[in-house]
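K.L.:
Turn this into a model:
(one chain, ligands or ions: 1)
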Amino acid sequence: MAKLSVSSLGVVGSGQMGNGIAQVAATFGLSVVLADVSGPALEKAMMTIQNSCDRLIKKGTLTDVQKTEILSRIRTSQDLKALMDCDIVVEAATENVDLKIKIFRELDQVVKPEGILATNTSSISITKMAAATTRPTQVAGMHFMNPVPLMKLVEGIRGLQTSDETFATVRALAEKMDKVFVESTKDMPGFIVNRVLMPMINEAIYTFHEGIASVESIDTAMKLGTNQPMGPLTLADFIGLDTCLAILHVLHEGLGDSKYRPCPLLTKYVEAGWLGKKSGRGFYDYSSKSV
Ligand code: NAD
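P.N.:
The predicted model follows:
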């Protein structure tokens, strides 16, 4: 299948996912523009990338020279117009459908006409975002996993309108970034990973909420009992509890089945600003830990 050649990547949203995508793209030689509405978020993102490179240097998988090259390939901006010349833009802003549609409309205005618009959404309809643009055939889902530098998977999602050329280009980009690309052939809420993962995390929260076991017991039981590298409540903290809640709402509303109803305790934690590792507190307290 014909695919476009990609040498420059834009990333919208410089949070946990956006900065990881920028780092890995720059590692594989792409020139990257990382955009965010928040200046402090961009500063934090560049610090995170530096620290991540330092950890890889310590492990012996990256050199100081490579770190300098990676950082020199990433430009930051608070203006989406900076993405105009990018071959592909990956949107990785907050998991909110109205926000993403607004961003897609704006990207459609500023990115060159042949540019592909991809989204790192965990659950929201690719088809809907594509329909907000004048280039729906050039829109696809490109769902990276957290943390991006370490996790091998990219889930590829076709919207109803996605062309074969767009999908082949997105697949080739994921492979260029040394990821394994798995296709979700239907654009349904949660795609593959979150369709399976979020009900498990939600059930773990209910298990805690109903007093069946402590947070630590649930995580230890699931780690040792089902051979998972981390327990579901730790994983929820790492994903971000606001993101988990947003995904569960998309599953609940989109599939109309009460089995996806978010646990009320998850809603309470998000209301309290306990968003997990990124805010310092979730099911665990991260204020004094360097996890
Ligand atoms: P995050 O909260 O860490 O970061 C979101 C960033 O988006 C923030 O820096 C925020 O300032 C920025 N933002 C908000 N509005 C914006 C706008 N209008 N323009 C530009 N930037 C804007 O969130 P995250 O965990 O990085 O998640 C981002 C996306 O990736 C979501 O769609 C999420 O579902 C998806 N995702 C998350 C994970 C995960 O484990 N956290 C995994 C895979 C995919």
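K.L.:
can we go C-alpha only for contacts and neighbour counts from here?
P.N.:
Fine.
K.L.:
Most proximal residue of the stretch 151-291 of the chain with respect to the ligand?
P.N.:
I239 (3.5 Å; Cα to the nearest ligand atom).
K.L.:
Just the buried residues of stretch 202-213, please?
P.N.:
N202, E203, A204, I205, Y206, T207, F208, H209 (16 or more other Cα atoms under 10 Å).
K.L.:
er, stretch 127-147 I mean
P.N.:
127-133, 135-146.
K.L.:
near the ligand, which of these show up?
P.N.:
H143, F144, M145, N146 (Cα under 6 Å from any ligand atom).
K.L.:
May I ask you to confirm that the second one is in contact with E155?
P.N.:
Yes - in terms of Cα atoms under 8 Å, F144 counts as a neighbour of E155; the distance is 6.6 Å.
K.L.:
Now do the shared contacts for these two.
P.N.:
Overlap of the contact sets of F144 and E155 (by Cα atoms under 8 Å, 6 or more residues apart in numbering) is empty.
K.L.:
Filter the ones next to the ligand among the buried residues of stretch 127-147 down to the ones in strands?
P.N.:
Using DSSP state E, the subset of those located in strands is H143, F144.
K.L.:
Which residue, neighbours along the chain excluded, lies closest to F181?
P.N.:
Ranked by Cα to Cα, 6 or more residues apart in numbering and with sequence neighbours excluded, the top spatial neighbour of F181 is V154, at 4.9 Å.
K.L.:
For the longest helix along the chain, name the packing helices and strands.
P.N.:
If you go by DSSP state H, the chain has its longest helix at helix 39-59. Applying 3 or more Cα pairs under 8 Å, 6 or more residues apart in numbering; DSSP states H and E, one finds that helix 39-59 contacts helix 16-27, helix 64-72.
K.L.:
so what secondary structure elements neighbour the very next helix or strand once past the first one?
P.N.:
In other words, helix 16-27. Once helix 16-27 ends, the next helix or strand along the chain (criterion: DSSP states H and E) is strand 31-35. Counting contacts by 3+ Cα pairs under 8 Å, 6+ apart, strand 31-35 is packed against strand 8-12, helix 16-27, strand 74-77.
K.L.:
can you tell me which of those comes nearest to V182?
P.N.:
Closest approach to V182 among those is made by helix 16-27 (17.1 Å; Cα to Cα).
K.L.:
The closest one vs strand 8-12, what angle?
P.N.:
Orientation note: helix 16-27 sits at an angle of 170 degrees relative to strand 8-12 (axes from the mean of the first three to the mean of the last three Cα atoms, to 10 degrees).
K.L.:
quick one: helix 16-27 near the ligand?
P.N.:
Yes - using Cα under 6 Å from any ligand atom, helix 16-27 reaches the ligand at Q16, M17, G18.
K.L.:
S14 in helix, strand or coil?
P.N.:
For S14, the assignment made with DSSP: H, G, I helix; E, B strand; the rest coil gives coil.
K.L.:
For it, the count of nearby residues, please.
P.N.:
Close neighbours of S14, defined as other Cα atoms under 10 Å, add up to 29.
K.L.:
try the one 4 residues further on
P.N.:
A total of 25 residues lie near G18 under the criterion other Cα under 10 Å.
K.L.:
Alright, I will stop here.
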